[in-house]
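Q: Structural data only, the sequence is not supplied:
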């Protein structure tokens, strides 16, 4: 991990009772990169994301952001610079779409006009601007995911943390919204179970397996046939930027 890293995860472990969720995980996040967080179900991806956006505290180890430990950052200042798209269930009844996007701007000190402009620009990007005044409680799962993308795009943090960003989205919006994030040019760490999407948007990856760091680096070094067989239990190769899966092992 070099001094040029925007964020560093240093020897992070997480225990839940007697269950070890993360085991001594260390890697860095370089500025301006769109980096994948990979691993099968139960590998610890969402738990690590929760630690990064401060919904969970590590049992040991620490997260450093811009050279300071996470705990040394005031919560509002941290939330303004590290934004997350999460998998938490939320009741949005009684809030308009514009209200929901605006809530994501609370860490910033914006005029009402600037906040409204950011909200509407983000809703336009996700295809929901015409419904800005509607009750968000009536949205479908895919529409709600698009709304939370809008909330994050309006904030436009220094680091985007995307936990399974393709959940509930049809193919069109999977690509539209990930392209919208990439166009911002910020730093991104995105967890994927879809390797096709991961290899489309990322050139580096962190691979977790049973809570441990299995590999970290360029995709061609991480997604070797041996690792995909061991971690994903599939016969697969990563060639010419594409994962080609022959079948299950």
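A: Structure received. Quick caveat: nothing in here was measured; it's all calculated off a predicted structure.

Q: From here on, just use CA atoms for contacts and neighbour counts.
A: OK.

Q: remind me which residues of the chain are low pLDDT?
A: 1-3 (pLDDT under 70).

Q: Show me where this protein has its strands.
A: 7-16, 19-29, 34-38, 60-65, 68-69, 82-85, 159-163, 187-192, 204-209, 212-218, 234-239, 242-248 (DSSP state E).

Q: For those strands, please prepare a markdown table with the additional fields distance to residue 127 and mean neighbour count.
A: Rendered in a markdown table, the data for those read as follows (distance: least, Cα to Cα, whole Å; neighbours: other Cα atoms under 10 Å):
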| stretch | distance to residue 127 | mean neighbour count |
| --- | --- | --- |
| strand 7-16 | 32 | 19 |
| strand 19-29 | 30 | 19 |
| strand 34-38 | 23 | 25 |
| strand 60-65 | 33 | 19 |
| strand 68-69 | 38 | 13 |
| strand 82-85 | 17 | 22 |
| strand 159-163 | 19 | 24 |
| strand 187-192 | 22 | 24 |
| strand 204-209 | 30 | 24 |
| strand 212-218 | 33 | 18 |
| strand 234-239 | 34 | 17 |
| strand 242-248 | 29 | 13 |
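
Q: closest one to residue 140 among the ones you listed?
A: The closest approach between residue 140 and any of the strands of the chain, judged by Cα to Cα, belongs to strand 82-85 at 16.8 Å.

Q: who's in contact with stretch 15-24?
A: Residues outside stretch 15-24 that contact it (Cα atoms under 8 Å, 6 or more residues apart in numbering): 10-14, 43-44, 47-48, 59, 61, 210-213.

Q: Next: stretch 41-54.
A: Applying Cα under 8 Å, 6+ apart, the external contacts of stretch 41-54 come out as 21-22, 37-39, 56-58, 63, 79, 82-84, 161, 163, 191, 193, 208-212.

Q: Perfect, I'm done here.
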